[in-house]
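# sequence-free structure coming up:
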């Protein structure tokens, strides 16, 4: 188990839970202006729990999203602050921690259709990847629900000249397919010819990911997974709705979630962690089990 890299958990959902204000669609971006110490502290909590990879808190900070739903003038400030807070957390923790940049869907999560052509999507992502690059170790393209978004993100990420990881979100009822209905294998094939150093699945039910990791294993190469604690993402999910409108499971305490994570590792995953509604206590339990599995 020594070669397994443990990621952090769901920054956005945890910040919503802790914040004094009501959540908004751009909350995880706004919090870096209003409560930067909260972001710093949560990064450090995940590191203390055993995470050795943290993701910059830039999920809602794309120029595309800010232009359409917020204040585009904050784009560079938010991107740089997200990177700075992650680096401060690593420095203050004193641990050897990998920092992943974050390229999220340009518009909203879970949409089965893309926000534009892969080339248009890539242009937005390339700008962000270059902004993040000086302060991160790799670029993570995450929560991608269709192959066009994933292709555009991977193309844009390549501008940073860093390792690129691509993570899809899969159908909660059929872990072999993206939320668009495209098989994982077909979505992966569209990335042929691009630098992709790891393939992952995220922000899906652990049960769907149990199936998805089997599909990732067939592709070869490094793969991983980080699930969420939602009941399921309904097909009627409203774009722009905040995560607090999705049902939260009561049957995924740390031990139950860790059971899934260890199954992913048994299937060959070498990167595991958590997404929405998976907190430091869940990561701590996975860390404990990984440590117990390493021979003295």
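Right, received. Where do you want to start? Here the structure is a predicted model, which means the values were calculated and not measured.
# Helices of this structure, start to end?
With DSSP state H as the criterion, the chain has helices at 11-18, 27-34, 36-49, 63-69, 75-93, 118-132, 147-157, 184-189, 206-219, 254-266, 280-293.
# How far off centre is the last one?
Counting by CA atoms, centre = their mean, to the nearest Å, helix 280-293 is centred 19 Å from the centre of its parent chain.
# Would you tell me which one of the helices of the chain is buried the most?
Highest mean neighbour count among the helices of the chain (mean count of other CB atoms under 10 Å): helix 147-157, with a mean of 26. C-betas here are computed from N, CA, C, even on glycine.
# centre of the chain versus that one, how much separation?
Helix 147-157 sits 15 Å away from the centroid of its parent chain (CA atoms, centre = their mean).
# Redo the helices of the chain as JSON lines? Include distance to residue 106 and mean pLDDT.
Shown next, in JSON lines, are these (distance: least, CB to CB, whole Å; pLDDT from 0 to 100):
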{"stretch": "helix 11-18", "distance to residue 106": "16", "mean pLDDT": "88"}
{"stretch": "helix 27-34", "distance to residue 106": "14", "mean pLDDT": "82"}
{"stretch": "helix 36-49", "distance to residue 106": "22", "mean pLDDT": "97"}
{"stretch": "helix 63-69", "distance to residue 106": "4", "mean pLDDT": "85"}
{"stretch": "helix 75-93", "distance to residue 106": "12", "mean pLDDT": "97"}
{"stretch": "helix 118-132", "distance to residue 106": "6", "mean pLDDT": "97"}
{"stretch": "helix 147-157", "distance to residue 106": "8", "mean pLDDT": "98"}
{"stretch": "helix 184-189", "distance to residue 106": "17", "mean pLDDT": "98"}
{"stretch": "helix 206-219", "distance to residue 106": "23", "mean pLDDT": "98"}
{"stretch": "helix 254-266", "distance to residue 106": "28", "mean pLDDT": "98"}
{"stretch": "helix 280-293", "distance to residue 106": "28", "mean pLDDT": "97"}
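# With distance to residue 107 added, can I get those helices in JSON lines?
Below are the helices of the chain laid out as JSON lines (distance: least, CB to CB, whole Å):
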{"stretch": "helix 11-18", "distance to residue 107": "16"}
{"stretch": "helix 27-34", "distance to residue 107": "14"}
{"stretch": "helix 36-49", "distance to residue 107": "23"}
{"stretch": "helix 63-69", "distance to residue 107": "6"}
{"stretch": "helix 75-93", "distance to residue 107": "15"}
{"stretch": "helix 118-132", "distance to residue 107": "10"}
{"stretch": "helix 147-157", "distance to residue 107": "9"}
{"stretch": "helix 184-189", "distance to residue 107": "18"}
{"stretch": "helix 206-219", "distance to residue 107": "23"}
{"stretch": "helix 254-266", "distance to residue 107": "29"}
{"stretch": "helix 280-293", "distance to residue 107": "28"}
